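# Got a predicted model here, sequence first, then my questions.
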Amino acid sequence: MSKFTSKLCLSALLGAALISSVQASDKPSAQGFNENNVQGEITYYTHKTDFVENGTYDKFVKEFKKLYPKVTDVKVIGFGEYRSLLRQRMNTNDYGDLVQTLTSIPANQYPNYYEPLNDLYTTDEIYFPDTWEYQGKRYGISIGNSLEGLVYNKTVFKEAGIEAPIKTISELYSACEKIKKLGKTPIFINFGTKWALQQFDKLPIVIEGNADVYDKMLTQKAPFSDKNSSFYKSLVILNHLVDNKYVEEDLITHQWEDSKNAFAKGQVGMMYLGNWVIPQIIDKGGESKDIGFMPMPGNDSGVLKAQMNHDFGYAISKHSKNKDTAKAFLKFLLEKSNFDELTGFIPTIKAKTTTLPQLQEYLSYNPVVLQTKPDNVKFIQAANKAKIDFNSGGYIQDLVTAEDFEKALEKLDNRWERAIKRLKK
């Protein structure tokens with residue numbers, strides 16, 4: 001085992017906070033499915049439209065069909081606005097065979113939509129085993145995992161006279177000002193893509209210093225406008241970046257692919273995302289040696305905290321008529337494809353390792369590692385009733401573009417308060 005691999009594993013186990021697992025009684029068989037039934041056709045709905053367009057999934061399907069010759073086809077369909085478009089399909093029973101979990105579906109509704117997957121892996125074999133668990137049954141398995149932070153251009157930093165890591169919010173603003181004076185975009189937030197703004201729904205965990213921030217919101221009177229709340233502090237950071245023109249000039253236009261091109265060309269200083277974006281920047285022509293990665297500061301304490309997240313979860317439709325084939329393809333993607341390498345994810349299968357050098361740099365700053373907790377059912381129910389699309393970015397777009405930022409926060413609090421009251425009835 002390499003020094004880097006050892007360090008990554010050690011960091012991933014810090015305080016046992018990073019890897020929590022329910023002691024489910026699942027005892028998977030060697031496969032978790034009947035190989036004789038792996039045949040016919042399945043449909044997989046994914047958010048990875050780039051892999052659909054560049055032929056990556058075509059290669060995966062070809063390799064999968066070599067292993068299972070009775071499989072006639074795996075239709076892979078990509079949705080750009082995955083959360084909303086798949087949710088529409090899930091209002092019917094026709095949403096394919098293999099899908100990705102949605103945060104808008106609370107755990108107590110998993111049995112209505114998804115097939116239990118306890119027979120595929122034990123809790124010891126995978127990261128985030130309990131994230132999509134309900135009443136001892138596992139309904140989702142993470143497609144991959146990432147550390148959240150600032151992906152930065154080393155050449156731009158050197159030109160601007162900035163040293164990594166940035167340890168405080170004040171240092172972040174100062175760095176943005178220096179990059180701005182170079183005539184470059186300090187931090188590209190991909191405002192127009194909408195989904196990329198989910199980072200500021202995640203930042204409260206770093207600011208708070210623990211993953212209970214969402215549970216805490218259920219008891220807070222004004223989680224958005226209270227100046228002491230972590231959500232307020234997170235959204236103020238975003239608003240400050242926008243107000244001071246530290247972000248892309250055109251906020252409304254969808255620029256996801258363009259943002260990666262601009263970063264690769266040295267026109268952008270930073271992006272606040274997970275390590276998964278690094279291979280995508282390299283794919284656009286960026287040099288790995290020019291790309292750095294460090295934790296995102298949450299305050300001015302100087303203590304760095306690292307948030308480790310799962311991404312979407314793989315799930316199998318309850319209504320699938322070909323569940324064994326769907327399970328086989330799910331396991332193929334996790335175990336035999338190079339999906340992790342291409343995406344830069346930390347593999348869900350613990351036995352697999354990652355070689356992304358930027359993760360080595362990130363962990364060298366010795367951050368306190370925090371793990372995202374499973375979604376709280378009441379939190380999801382409250383968000384749905386309040387019509388606040390956490391982790392999708394829509395409400396953040398409306399908030400930042402509002403004429404009065406503080407009043408917009410108060411309106412969110414009013415919606416949240418009404419939703420909480422309705423939950424208690």
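Alright, I've got the coordinates. In this text the structure is predicted, and so the values were computed from the model without any measurement.
# Please name every helix or strand in contact with whichever strand or helix holds G292.
Remark: G292 resides in strand 291-294, with elements defined by DSSP states H and E. Secondary-structure packing of strand 291-294 (3 or more Cβ pairs under 8 Å, 6 or more residues apart in numbering; DSSP states H and E): strand 145-153, helix 154-160, helix 277-283, helix 357-364. All C-beta atoms are positioned from the backbone trio N, CA, C, and that covers glycine.
# would you list every one of the strands in the stretch 251-400 of the chain?
Applying DSSP state E, counting those that start in this stretch to the stretch 251-400 of the chain gives strands spanning 268-274, 291-294, 305-310, 313-316, 368-371.
# Pairing partners for the last one, with directions?
Sheet neighbours of strand 368-371, with direction, are listed as strand 305-310 (parallel) (DSSP bridges).
# how about the residue nearest the centre of the chain, phi and psi?
Geometric centre of the chain, nearest residue: D311, 4.1 Å, by Cα atoms, centre = their mean. Note on D311: backbone dihedrals following degrees, to the nearest 10 are phi -90, psi -150.
# Which pLDDT does the model give it?
Here the pLDDT value assigned to D311 is 90.
# Pipe the strands of the stretch 251-400 of the chain into CSV and attach distance to A175 and mean neighbour count per row.
Below are the strands of the stretch 251-400 of the chain laid out as CSV (distance: least, Cβ to Cβ, whole Å; neighbours: other Cβ atoms under 10 Å):
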stretch, distance to A175, mean neighbour count
strand 268-274, 7, 25
strand 291-294, 11, 23
strand 305-310, 18, 23
strand 313-316, 35, 26
strand 368-371, 22, 20
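# on that earlier part again, how about the contacts made by the residue nearest to the centre of the chain?
The contact partners of D311, by Cβ atoms under 8 Å, 6 or more residues apart in numbering, come to S142, I143, G144, N145, S146, G274, W276, F345.
# mind checking how far it is from D340?
Going from D311 to D340 by Cβ to Cβ, to the nearest Å gives 11 Å.
# Mind listing the shared neighbours of the two?
Contacts common to D311 and D340, judged by Cβ under 8 Å, 6+ apart, are G144.
# The helix ranked longest in the chain - contacts with which helices or strands?
The residue-count maximum for a helix in the chain (DSSP state H) belongs to helix 405-424. For helix 405-424, the elements it packs on are helix 230-243, helix 377-386, helix 394-400, judged by 3+ Cβ pairs under 8 Å, 6+ apart.
# sorry, back to before: indicate which one of the strands of the stretch 251-400 of the chain is closest to Q360.
strand 291-294 (9.1 Å; Cβ to Cβ).
# Restricting to C-alpha, output the closest one in CSV.
Below are the C-alpha coordinates for strand 291-294, written out as CSV (Å, rounded to 0.1, in the frame of the first residue of the first chain):
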residue,chain,number,x,y,z
ILE,A,291,-4.4,22.0,-10.5
GLY,A,292,-4.4,22.2,-6.7
PHE,A,293,-7.1,21.2,-4.1
MET,A,294,-7.6,22.4,-0.6
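# Pairing partners for that strand, with directions?
strand 145-153 (antiparallel).
# centre of the chain versus the partner strand, how much separation?
Centroid displacement of strand 145-153 relative to its chain, using Cα atoms, centre = their mean, to the nearest Å, is 11 Å.
# Same question for stretch 317-337.
22 Å.
# and what of stretch 289-303?
Worked out by Cα atoms, centre = their mean, stretch 289-303 lies 18 Å from the chain centre.
# For Y134, list each beta-bridge partner.
As for beta bridges, Y134 partners with K137 under DSSP bridges.
# This completes my enquiry, with thanks.
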